[in-house]
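Asker: Sequence and predicted structure, then a few things I'm wondering about:
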Amino acid sequence: MFDLIVRNGNLPDGREGVDIAIRGGTIAAVERGITAEAGEVIDATGRLVSPPFVDPHFHMDATLSLGLPRMNVSGTLLEGIALWGELRPTLTREALVDRALRYCDLAVSQGLLAIRSHVDTSDPRLVTAEAMIEVRERVKPWIDLQLVAFPQDGYYRAPDGVAALGRALDMGLDVVGGIPHFERTMEEGRLSVEALCRIAADRGLPVDMHCDETDDPLSRHVETLAQQTIRHGLQGRVSGSHLTSMHSMDNYYASKLIPLIAEARMNAIPNPLINILIQGRHDTYPKRRGMTRVRELMEAGVNVSFGHDCVMDPWYSMGSGDMLEVGHMAIHVAHMAGVEDRRRIYEALTVNSARTMGLAGYGIGKGCNGDLVVLQAADPIEALRLKPARLAVIRRGRVIARTAPRISALALEGRPARLDPGLDYRPVLRG
Ligand code: FE2
């Protein structure tokens, strides 16, 4: 007797018609034709059954604040930064918690069950850290939330930046952040990377820095980050978020840098929605895309995962908590439209991002957490195309969200009366 069986689903690795049985919050069996009974059975015939989506780069303290205290009229990064500066002194713990919980509801409905959020530590009141720690506890039953101490205004540049970041880590934030390209000089940027990696080594914490989020090809803090990773023995625990300057770098330099990033076993976290919107703003034509070198990093063996970064905040007025929207944009911006490319993009939204966050028990296999998403699409490639309904979202063997399939009723003479976009085109695609 199992608690739950998801029957006859398709797995991301291509296996089809597979049953997944969960008992005591853990996957107990993954095989065809399980005959045992279960408290609940979900028919997933023809549907993709995936491990949950994982967002390794988000800003939970800013989300859903769009329009406060006023709209970003120009839609630019600079006005977004100015707006956040106006909003920050007025933030209250209650409002931050309320918005974050509402975002987490949305995330669950999209099958997004693990999020790493940067938390701005620039305001020494640290109301952001207090609020996000409360949210981390409250959503624990359904979302793994990791919190990064993030000195948005600069570790050295903000008046109280050094002390506030230390206090935020003392409060219990999980990861050491940074923003070296925003420090006053290249030299202070380098020094900030060194100081923050030393803090991470001393405290035994991972590192995740906003690194070189600029079009300046000479912004090379990622090189220092890789070198410090190796120096402090932090291999596998350090992430470089954005890394957009790599798009503009000279190819010869990049050919030296990418193997260094691989040697340091750093994770790369591009954020395609934000970066295609924000980078290249000083260009006339041609305009640069600005996203880091995804294909080249993947081919060098670097763990690449994609972040959503923002949803309805001063910097980004769009977004829906849907990691498939992030992957859809990544395919376009990274020029990764091949069949194998798109499989790798799907992995970047799931297994790669789970690796970035160091999640235990992630995946579909005996002994893994009983966390699954049933999608109204037949396979990962179709999921990226359709961004379909998450029919069922399962956490530790319990269904925590359901969405009705999108089925259209047609009234067209001589044509079918019913259209399921998740099934009806697949035979053509498999040709
Ligand atoms: Fe960010």
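Answerer: Nice, I can see it.
Asker: okay, CA-based contacts and neighbour counts for the rest of this
Answerer: Fine.
Asker: Nearest the geometric middle of the protein, what residue?
Answerer: Taking CA atoms, centre = their mean, the centroid of the chain lies closest to residue 55, which sits 2.2 Å from it.
Asker: Help me confirm that that residue is found in a strand?
Answerer: Yes: under DSSP: H, G, I helix; E, B strand; the rest coil, residue 55 sits within a strand.
Asker: Was I right to think it contacts residue 353?
Answerer: Yes: counting by CA atoms under 8 Å, residue 55 does reach residue 353; the two are 6.7 Å apart.
Asker: Which residues are in contact with each of the two?
Answerer: Here residue 55 and residue 353 have residue 306 as joint contacts, going by CA atoms under 8 Å, 6 or more residues apart in numbering.
Asker: What segments of the stretch 1-150 of the chain are strands?
Answerer: With strands called from DSSP state E, counting those that start in this stretch, the stretch 1-150 of the chain shows them at 2-9, 18-23, 26-31, 38-43, 48-50, 53-58, 112-120, 144-150.
Asker: rewinding a little: not counting its neighbours along the chain, what's nearest the residue nearest to the centre of the chain?
Answerer: Take residue 55 and drop its neighbours on the chain: the residue closest to it by CA to CA, 6 or more residues apart in numbering is residue 115, 4.7 Å away.
Asker: Next, count neighbours for residue 377.
Answerer: Applying other CA atoms under 10 Å, we find 29 residues neighbouring residue 377.
Asker: begin at 46 from here
Answerer: Will do, 46 is the new start, and the previous item becomes residue 422.
Asker: show me what contacts residue 126?
Answerer: 359-360.
Asker: Residue 454 bridge partners, please.
Answerer: residue 463 (DSSP bridges).
Asker: and if you look at residue 164?
Answerer: Bridge pairing for residue 164 - DSSP bridges - gives residue 194.
Asker: give me every residue that touches it.
Answerer: Counted by CA under 8 Å, 6+ apart, residue 164 has contacts 104-106, 173-174, 177, 192-195.
Asker: Give me the pLDDT for it.
Answerer: Confidence at residue 164, expressed as pLDDT, is 98.
Asker: Same check on residue 476?
Answerer: 44.
Asker: now swap in residue 472 and tell me
Answerer: pLDDT, read off for residue 472, is 53.
Asker: Could you list the domains of this protein?
Answerer: 47-96+408-464, 98-402 (automatic domain parsing).
Asker: Let me have these in a markdown table, extended by distance to residue 470.
Answerer: Shown next, in a markdown table, are the domains of the chain (distance: least, CA to CA, whole Å):
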| stretch | distance to residue 470 |
| --- | --- |
| domain 47-96+408-464 | 9 |
| domain 98-402 | 16 |
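Asker: Next, the angle strand 189-195 makes with the helix or strand where residue 215 lies.
Answerer: Counting by DSSP states H and E, the element that carries residue 215 is helix 206-216. Per axes from the mean of the first three to the mean of the last three CA atoms, to 10 degrees, the angle that helix 206-216 makes with strand 189-195 is 160 degrees.
Asker: Can you check what angle separates helix 206-216 from strand 157-165?
Answerer: Going by the same axes, to 10 degrees, helix 206-216 makes 140 degrees with strand 157-165.
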